[in-house]
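[1] Could you look at this predicted model? Sequence included:
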Amino acid sequence: MSAIAETARGQPDARIHTLLDWIRQHMCPKLGQPGATWTDIRVVIFTEYNDTKRYLKQQLEAAMAESNRAAYRLAVYHGPTPPA
């Protein structure tokens with residue numbers, strides 16, 4: 001089981017596929033193609049977990065790598081949330 005899990009590590013899951021489909025539909029129709037251009041629509045994604053944040057960042061950066069101005073397409077903000 002560990003070997004199977006290790007081969008899948010870092011691969012996009014169904015949630016990433018759904019998110020990338022949404023991005024293609026609303027933000028970047030040619031996402032994944034060199035020079036793909038973006039619309040003016042933006043999205044904010046919230047997560048509570050650092051591991052999820054790292055995974056999302058890695059997956060989104062990989063998907064956006066060939067697009068226009070890829071280095072400027074993803075911003076990550078983090079910080080504590082007070083219990084109150």
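    Right, received. Where do you want to start?
[2] what does the longest helix seen in the chain contact?
    In the chain, assigned by DSSP state H, the helix with the most residues is helix 50-64. Helix 50-64 is contacted from outside by 10, 12, 16, 19-20, 23, 28, 31-32, 45, 47, 70, 73-74, 76, 78, using CB atoms under 8 Å, 6 or more residues apart in numbering. Where you see a C-beta, it was placed from the backbone N, CA and C, and this is true even at glycine.
[3] can you give me the helices in this protein?
    2-8, 14-26, 50-64.
[4] how far away is the most centrally placed residue in the chain from Thr39?
    Geometric centre of the chain, nearest residue: Leu60, 2.6 Å, by CA atoms, centre = their mean. Leu60 sits 16 Å away from Thr39, going by CB to CB, to the nearest Å.
[5] Ok, Ser67 next?
    12 Å.
[6] Give me the more crowded residue out of those two.
    Ser67 (21 against 9; other CB atoms under 10 Å).
[7] Enumerate every residue touching that one.
    Ser67 touches 28, 30-33, 35-38, 73, counting by CB under 8 Å, 6+ apart.
[8] May I ask which of those has the most neighbours?
    Counting neighbours by other CB under 10 Å, the one among these with the most is Cys28, which has 21 neighbours.
[9] I'd assumed Thr37 was in contact with that residue.
    Yes: counting by CB atoms under 8 Å, Cys28 sits close enough to Thr37 to count as a contact (7.0 Å).
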